[in-house]
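Chemist: fold the stuff below for me.
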Amino acid sequence: MSIEQYQNTYIQNNFADRIGGSNYGKDTAIYKFEKIKRAKAQAKKDFPEVELIDLGVGEPDEMADAGIVAKLAEEAAKPENRGYADNGIAEFKEAAAYYLKEVFGVEGIDPENEVLHSIGSKPALAMLPSCFINPGDVTIMTVPGYPVMGTHTKYLGGKVYNVELKKENNFLPDLNSIPEEIAKRAKLFYLNYPNNPTGASATAEFFNEVVAWAKKHDVVIVHDAPYAALTYDGLKPLSFLSVPGAKDVGVELHSLSKSYNMTGWRIGFIAGNPLVVKAFGDVKDNNDSGQFIAIQKAAAYGLYNPQITEKIAAKYSRRHEMLVAVLNELGFKAEKPKGSFFLYVEAPKGIKGGIRFESGEDFSQFLIREKLISSVPWDDAGHFVRFSVTFIANGEEDEKRVINEIKNRLSDVEFEF
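Modeler: Numbering: from 1, shown residues only. Take a look at the predicted model:
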């Protein structure tokens, strides 16, 4: 039977309310990423001879380092690595502790009790609410942002309180704006710096404020840090765990996806408060049987060689500078971020003598349909679009070609801001 035919059976009425209940699959709303996908497909169909420049994709454009790939091949061939990894191997946990100390200056992380591997950061974010959230409890999230932990909070009967990230506050959450009643009910507070999508970086002063706020209100901090080592222009990589008292109130999630070009490998780790790490391990033990040991060993090789990330960061820094320069020539007010591979800019209000853009999504759709340039709109707190410097380019000369092509395509209109 087709999906439509099955919708008339008892299966339709058995879906949980959290995913739509008896109306599951009948929602006709099209979400922004699906709109982007469809617009890209249509643009390629309408202009098959024109290169689509994808500035929307949020993953690296290159392979993992050859040394990491070679280590995977070596370890995958060993029969002792074939079995379940469960909650991880000591070698990877020790490498994670080394990485935190070497790159971020985090001292005193106990690999045995304060680190666990995860199959990427996304599953860790999905599991953490199961450690803390009962019906009616609150998770505080930042918007715009990555919603996974909030989604699972709602699945468990909890509530999500959103704090807007505003340009006037350097895209940091205003802790004083959180109502006392929300702070009393909150159990989790999600942070992410360098930030997706804004590219903003946190400061040690801000993290100190977060620690004080968390202790005052008895809230667990979850700092999602997949871009933490991708920093530019002399900014030293900053870990939440590097500020005094951070380990007393929370944990930090690291991933090798962005910093080591290992998105499909699905490997990361949680570190920090030992009781939170233990609870995460118990929940994780009931969700998965661990990442392939060979991948953990290859990832450990990467963590012991952070110069791999430094090379990747240099490439993104170069691309950011070129893209910012071109956008500013076209009238945008773009500022190179201090970290991440995302560039977050306010959408124009329209084109002089032409169409108007009522939202970031309007502008993003215009770019795809008319200019074959893909971006991601964000209208949660103002009207913005996110560009990523992970576009496909083979070397520096090809990067310059792509950037010049962007300039050429956008130079035949005059944007109004």
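Chemist: lowest-confidence helix or strand of this protein?
Modeler: helix 3-6 (a mean of 80; mean pLDDT, DSSP states H and E).
Chemist: buried residues in whichever helix or strand comes after it?
Modeler: Downstream of helix 3-6, the next assigned helix or strand under DSSP states H and E is helix 10-13. For helix 10-13, the buried set under the neighbour-count rule, 16 or more other Cβ atoms under 10 Å, comprises residue 12. Placement of C-beta: from N, CA and C, glycine included.
Chemist: hey, C-alpha coordinates of helix 10-13 in CSV?
Modeler: Extracted in CSV, the C-alpha atoms of helix 10-13 (Å, rounded to 0.1, in the frame of the first residue of the first chain):
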residue,chain,number,x,y,z
TYR,A,10,-4.8,2.0,12.7
ILE,A,11,-1.1,2.8,12.2
GLN,A,12,-2.1,6.5,11.6
ASN,A,13,-3.8,6.7,15.0
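Chemist: which strands and helices lie in contact with whatever helix or strand comes next after it?
Modeler: The helix or strand immediately downstream of helix 10-13 is helix 32-46, counting by DSSP H and E. Applying 3 or more Cβ pairs under 8 Å, 6 or more residues apart in numbering; DSSP states H and E, one finds that helix 32-46 makes contact with helix 360-371, strand 376-378.
Chemist: hmm, back to that, centre of the chain to the least confident helix or strand of the chain, how far?
Modeler: 35 Å (Cα atoms, centre = their mean, to the nearest Å).
Chemist: can you name the element that comes right after the lengthiest helix in the chain?
Modeler: Longest helix in the chain, counting residues (DSSP state H): helix 307-329. Next helix or strand after helix 307-329 toward the C-terminus (DSSP H and E): strand 342-346.
Chemist: that older thread, which of the helices and strands packed on helix 32-46 sits most buried?
Modeler: Of all these, strand 376-378 carries the top mean neighbour count, a mean of 25, counting by mean count of other Cβ atoms under 10 Å.
Chemist: what's that strand in contact with?
Modeler: Residues outside strand 376-378 that contact it (Cβ atoms under 8 Å, 6 or more residues apart in numbering): 32-33, 36, 56, 58, 144, 197, 344, 347, 359-365, 383-386, 388.
Chemist: what separation do you get for the nearest residue to residue 52 once chain neighbours are set aside and residue 337?
Modeler: Distance criterion Cβ to Cβ, 6 or more residues apart in numbering; nearest residue to residue 52, sequence neighbours excluded, is residue 372 at 4.7 Å. Residue 372 sits 25 Å away from residue 337, going by Cβ to Cβ, to the nearest Å.
Chemist: neighbour count: these two, which is higher?
Modeler: More crowded of residue 372 and residue 337, by other Cβ atoms under 10 Å: residue 337, with 28 against 20.
Chemist: mind listing what that one touches?
Modeler: With contacts defined as Cβ under 8 Å, 6+ apart, residue 337 is in contact with 194, 198, 199, 200, 201, 232, 320, 343, 344.
Chemist: how many other residues sit next to residue 146?
Modeler: For residue 146, the neighbour count with other Cβ under 10 Å is 21.
Chemist: and it, which of the three is it?
Modeler: Secondary structure, DSSP: H, G, I helix; E, B strand; the rest coil: residue 146 is coil.
Chemist: show me what contacts it?
Modeler: Residue 146 sits next to 125, 192, 196, 224 when contact means Cβ under 8 Å, 6+ apart.
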